[in-house]
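*Asks:* here's a sequence, model it:
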Amino acid sequence: MAFLAVETNNRELIASGEIEREHDGNTGYWVAASGVVEYVGLPKGSIKKLIGKELSWEDDPVEI
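*Replies:* From the prediction side, this is the model:
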């Protein structure tokens, strides 16, 4: 399973496993929910092309 998400700086990313917001909630980054997760930045607009809608930091990660 992989997850799509957007950081507070609008950077789109795909993660190799389940992710959650940084525990203090102020950093604007996603961290592994458990285990080791690899992240890859995506070009802007990639998430909309993949799932048909845009995401923001306020949205939960979308599993694909």
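*Asks:* from Gly52, how far off is the closest residue to Glu22 other than its chain neighbours?
*Replies:* Computed as C-beta to C-beta, 6 or more residues apart in numbering, the closest residue to Glu22 that is not its neighbour in sequence is Tyr29, at 5.1 Å. Using the backbone N, CA and C atoms, a C-beta is placed for each residue, glycine as well. In this view, Tyr29 and Gly52 are 25 Å apart by C-beta to C-beta, to the nearest Å.
*Asks:* those two - which one has more neighbours?
*Replies:* Tyr29 (16 against 7; other C-beta atoms under 10 Å).
*Asks:* which residues touch the more buried one?
*Replies:* For Tyr29, the contact set (C-beta atoms under 8 Å, 6 or more residues apart in numbering) comprises Glu7, Thr8, Arg21, Glu22.
*Asks:* mind listing the strands for the protein?
*Replies:* Ranges of strands in the chain, per DSSP state E, are 3-6, 12-15, 19-21, 30-32, 39-42, 62-63.
*Asks:* out of those strands, which is closest to Ser56?
*Replies:* Nearest of these to Ser56, taken as C-beta to C-beta: strand 3-6 at 5.6 Å.
*Asks:* helices or strands next to the closest one in the packing?
*Replies:* Contacts defined by 3 or more C-beta pairs under 8 Å, 6 or more residues apart in numbering; DSSP states H and E place strand 3-6 against strand 12-15, helix 46-51, strand 62-63.
*Asks:* which secondary structure elements does the last one contact?
*Replies:* For strand 62-63, the helices and strands in contact under the criterion 3+ C-beta pairs under 8 Å, 6+ apart are strand 3-6.
*Asks:* send the alpha carbons of the strand it packs on over as CSV?
*Replies:* The C-alpha trace of strand 3-6 is given here as CSV (Å, rounded to 0.1, in the frame of the first residue of the first chain):
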residue,chain,number,x,y,z
PHE,A,3,-0.2,6.9,0.6
LEU,A,4,-0.5,10.3,-1.0
ALA,A,5,-0.3,13.5,1.1
VAL,A,6,0.6,17.2,1.0
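*Asks:* list the buried residues for that strand?
*Replies:* If you call a residue buried by 16 or more other C-beta atoms under 10 Å, then strand 3-6 has these buried ones: Phe3, Leu4, Ala5, Val6.
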